[in-house]
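Trainee: Any chance you could fold what I've pasted below:
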Amino acid sequence: MGNSQARRTDPDFESACRKFSEKELKDLKTLFISLASQSRSNGQFIIASVFQAYYGIHGALGARLFDLASRMRKDQMLTYEDLVIVKSIYEKGCRNEIENFIFQLVDLTCDGLVQRSEVEALMISVLETVLSSKYTITGDSLPEHVVQTFINAANFTPASDCDGGQIISFEDFKEWCNLVPSLKKFLGSLLTSPITGISGRQIPELLYSENINPSLLIMRKEYAWHIAGALQQEEAQAWALLYHNSVHGLSFNTFMGNLAVGRGPSILLVKDKEGYIYGGYASQPWERHSNFYGDMKSFLFSLSPRAALYRPTGANSNMQWCAMNFMSASVPNGLGFGGQVNHFGLFLSESFDWGHSFESVTYKGPRLSKTADIFPEVIECWGVVVKGNDQETLNAVKGTVLERFKEDRNLLNMVGIANSSDQ
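Mentor: Okay, here's the model as predicted:
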């Protein structure tokens, strides 16, 4: 009786309760009763395995989340008061409270320092949770290089009290989360009800012809998860392969023809001869222009050996470049993102066999490639399947644009890709 009274007068609990409406507290009580029943605790507490199963968080991250939620008592019992307090931080807390709580999550050893090994353990837990249903993999079989591509975007410093160890500061951790927005969404929604759909766990369905060998594709599930973190939910439902140089030939004309079908956002991927993988999200259709165009929804990204995403800075409006059949050196034919003419953040020439990448003020980020000059090995483009345009984009997967629109010569002439004669 005394313990029950102590919990009711807990100032942290009373403060947390004030952040919720009466209905919200009733819903939390209902949730607690359900999970406590599954825990077979006579309605007194929730055990770790039930808590982790409900929220779908396992491994080192799941264990650490339960410890923090149960206020580090280490008794493996999460009370109703604990649930209300931790939910008040995640759902009702200010930005600083949430960020501090998330940073504590990464401190798996509770020593006040976040080691590189702890960040690696975090990333394994996140990728296990996100990819397990897609890949049927566990942490033991998760390829090391997949984890390291994300870790490589974080900034670590030598730890003075560790033998050769590295740590990450709170500020550097927040910057890393900005570079990997899917991770930020994931960590910011750990206690979201699974019924409502959990932010940060969405992987777009990748649609392509059954005749295409999947091993040819650059796009992987973890890459799609990474890119989708910067998109609205409706833009991350499904992506359809519209162009691949091994399938459609190394042709700017064919690329433009295939992309004319989707007429919506697209994801351009490049793998160069150095093995670097990067690209850009084009929020506007690829259409012939003599100058920059686009909007602030576009961004650049790197996928390997470093997975990071670079958003527009607002310094200029040089988002996309798409020049075709121009005869002036001041209007280079090809595709580009950011920067300025002949000094793009990312550029592919009309020959598709050369390009370049420079650091630009348009998108906050470094050069994407190892060297400024790019020699593509694979060029790939996926169209975003959006509501109201689904069937048209899906049809693009089944055949080339030139084949399906062979009778519509006017459309092809408009984009400058019609053949000189029917074949």
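Trainee: now do the same end-to-end measure for stretch 322-331.
Mentor: Taking Cα to Cα, to the nearest Å, the first and last residues of stretch 322-331 lie 10 Å apart.
Trainee: what's that stretch in contact with?
Mentor: The contact list for stretch 322-331, computed with Cβ atoms under 8 Å, 6 or more residues apart in numbering, reads 252, 256, 286-290, 293, 332-336, 341, 350, 415-416. Backbone N, C-alpha and C define where each C-beta goes, glycine included.
Trainee: can you tell me which of the residues you listed are in strands?
Mentor: Among the contacts of stretch 322-331, DSSP state E puts 334-336 in strands.
Trainee: So which residues of this protein form strands?
Mentor: 157-158, 166-167, 205-207, 238-244, 266-272, 277-282, 299-304, 308-310, 320-323, 334-340, 343-349, 355-356, 373-374, 376-384.
Trainee: Give me the helices and strands touching the longest one, please.
Mentor: Right, strand 376-384. In terms of contacts (3 or more Cβ pairs under 8 Å, 6 or more residues apart in numbering; DSSP states H and E), strand 376-384 is packed against strand 238-244, helix 245-248, helix 252-262, strand 266-272, helix 390-398.
Trainee: which outside residues touch it?
Mentor: Applying Cβ under 8 Å, 6+ apart, the external contacts of strand 376-384 come out as 206, 216-219, 231, 235, 239-246, 250, 255, 258-259, 261-262, 264-273, 348, 352-355, 393, 396.
Trainee: How about the fourth one?
Mentor: With contact meaning Cβ under 8 Å, 6+ apart, strand 238-244 is reached by 204-209, 212, 216-217, 219, 224, 254-255, 258-259, 261-262, 266-267, 378-385, 390, 393-394, 396-397.
Trainee: the inter-axis angle of that strand versus strand 266-272?
Mentor: For strand 238-244 against strand 266-272, the angle by axes from the mean of the first three to the mean of the last three Cα atoms, to 10 degrees is 50 degrees.
Trainee: Strand 238-244 pairs with which strands, parallel or anti?
Mentor: Here strand 238-244 has these sheet partners by DSSP bridges: strand 205-207 (parallel), strand 376-384 (antiparallel).
Trainee: Provide a list of residues in contact with the spatially most central residue of the chain.
Mentor: Taking Cα atoms, centre = their mean, the centroid of the chain lies closest to His226, which sits 2.5 Å from it. By Cβ under 8 Å, 6+ apart, the contact list for His226 reads 150, 180, 182, 301, 303, 307, 309.
Trainee: which stretches of the chain aren't confidently modelled?
Mentor: 1-8, 133-141, 161-164, 195-198, 262, 387-423 (pLDDT under 70).
Trainee: my read: Leu78 touches Ile46, true?
Mentor: Yes: using Cβ atoms under 8 Å, Leu78 makes contact with Ile46 at a distance of 4.4 Å.
Trainee: And stretch 357-375, end to end?
Mentor: By Cα to Cα, one end of stretch 357-375 lies 11 Å from the other end.
Trainee: Buried residues of that stretch, list them for me.
Mentor: Going by neighbour count (16 or more other Cβ atoms under 10 Å), the buried part of stretch 357-375 is 357-360, 362-365, 367-369, 374.
Trainee: again with stretch 72-85
Mentor: Using 16+ other Cβ under 10 Å as the test for burial, stretch 72-85 gives 77-85.
Trainee: which residues sit against it?
Mentor: By Cβ under 8 Å, 6+ apart, the residues outside stretch 72-85 that reach it are 7, 10, 12-13, 16-17, 20, 25, 28-29, 31-32, 41, 44-48, 51, 66-67, 69-71, 110.
Trainee: try stretch 27-44
Mentor: Applying Cβ under 8 Å, 6+ apart, the contact partners of stretch 27-44 are 20, 45-47, 50-51, 54, 77, 79-80, 83-84, 87, 193.
Trainee: Repeat the analysis, applying 10 Å as the threshold.
Mentor: By Cβ atoms under 10 Å, 6 or more residues apart in numbering, the residues outside stretch 27-44 that reach it are 16-17, 20-21, 45-51, 53-55, 76-84, 87-88, 91, 193.
Trainee: that older thread, by neighbour count, sort out the buried ones in the contacts of strand 376-384.
Mentor: 206, 217-219, 231, 235, 239-245, 255, 258-259, 261-262, 264-272, 348, 352, 355, 393, 396.
Trainee: Could you count how many residues lie near Gln284?
Mentor: By the measure other Cβ atoms under 10 Å, the count of residues near Gln284 is 18.
Trainee: The closest residue to Leu368 other than its chain neighbours: how many residues sit nearby?
Mentor: Distance criterion Cβ to Cβ, 6 or more residues apart in numbering; nearest residue to Leu368, sequence neighbours excluded, is Tyr278 at 3.9 Å. Using other Cβ under 10 Å, Tyr278 has 25 neighbouring residues.
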